[in-house]
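# have a look at this prediction, sequence included:
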Amino acid sequence: MKALSIHFGKVEVEMNTGVDIKDITNYLKASIRESNIMDGNLSAAVVGSTGSVTTIEYEPGVVEDLKKAINRIAPPDQEYEHEKAWHDGNGHSHVQAALIGSSVSVPVRKGELVLGTWQQVVVINHDNRSRKRTVQITIIGTQ
């Protein structure tokens, strides 16, 4: 039986005012190469309550469609209880991020992420200001 290995990494992504979406798939692939893990699981989690991580086909049409859908679900121009308490204008950002989620889990097989042909992992900034988003990466598996 092969020994279990754990690898930790992170990627920092400069992001514009939300909704901003950036592809981080190549960073995750590089982290797998660094880890030498052949079979296991990769977890990617964004730090912060106004960011999220998901998978999409990262092409301009889908990116725009997703931005519009996110803003329809939790519109920036609505009244939020968060605004009443903090007056920071980003109540919608917290709701949007919570609905999408802060992490993804992707299988690793033969040293590669198991994603569909047109599937990429993306980080999303929902905040009403630009941010440097940190995505923590954990890979667990066998070498």
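Yep, that arrived.
# hey, let's count contacts and neighbours off CA atoms from now on
Noted.
# tell me the secondary structure for the spatially most central residue of the chain?
A centroid search over the chain (CA atoms, centre = their mean) returns V53, at 2.1 Å, as the residue closest to the centre. Three-state call for V53 (DSSP: H, G, I helix; E, B strand; the rest coil): strand.
# dump the residue contacts of it.
Going by CA atoms under 8 Å, 6 or more residues apart in numbering, V53 touches A44, A45, V46, I100, G101, S102, S103, V104, V121, V122, V123, I124.
# which non-adjacent residue is nearest it?
V123 (4.5 Å; CA to CA, 6 or more residues apart in numbering).
# just the element for the one you found, please.
strand 120-125 (DSSP states H and E).
# what residues does that strand touch?
Contacts of strand 120-125 (CA under 8 Å, 6+ apart): 15-25, 46, 50-58, 131, 133, 135.
# which element follows that strand toward the C-terminus?
Following strand 120-125 in sequence, per DSSP H and E, is strand 131-142.
# buried ones in that following strand, by neighbour count?
R131, R133, T134, V135, Q136, I137, T138, I139, I140, G141, T142 (16 or more other CA atoms under 10 Å).
# check the gap between the nearest residue to the first one once chain neighbours are set aside and I24 for me.
Right, the one you point to is R131. Sequence neighbours aside, M15 is the residue nearest to R131 in space, at 5.2 Å (criterion: CA to CA, 6+ apart). Taking CA to CA, to the nearest Å as the measure, M15 falls 12 Å from I24.
# again with S43
Taking CA to CA, one finds S43 at 13 Å from I24.
# was I right about K2 contacting T142?
Yes. Here K2 reaches T142: they are 6.2 Å apart, a contact under CA atoms under 8 Å.
# strands of this protein, residue ranges please.
Taking DSSP state E as the criterion, the chain contains strands spanning 4-15, 20-23, 39-46, 51-56, 103-109, 112-113, 120-125, 131-142.
# mean neighbour count, those: which tops it?
Burial of the strands of the chain is given as mean neighbour count (mean count of other CA atoms under 10 Å); strand 120-125 ranks first at a mean of 24.
# quick one: mean pLDDT over that one.
Confidence over strand 120-125, taken as the mean pLDDT, stands at 98.
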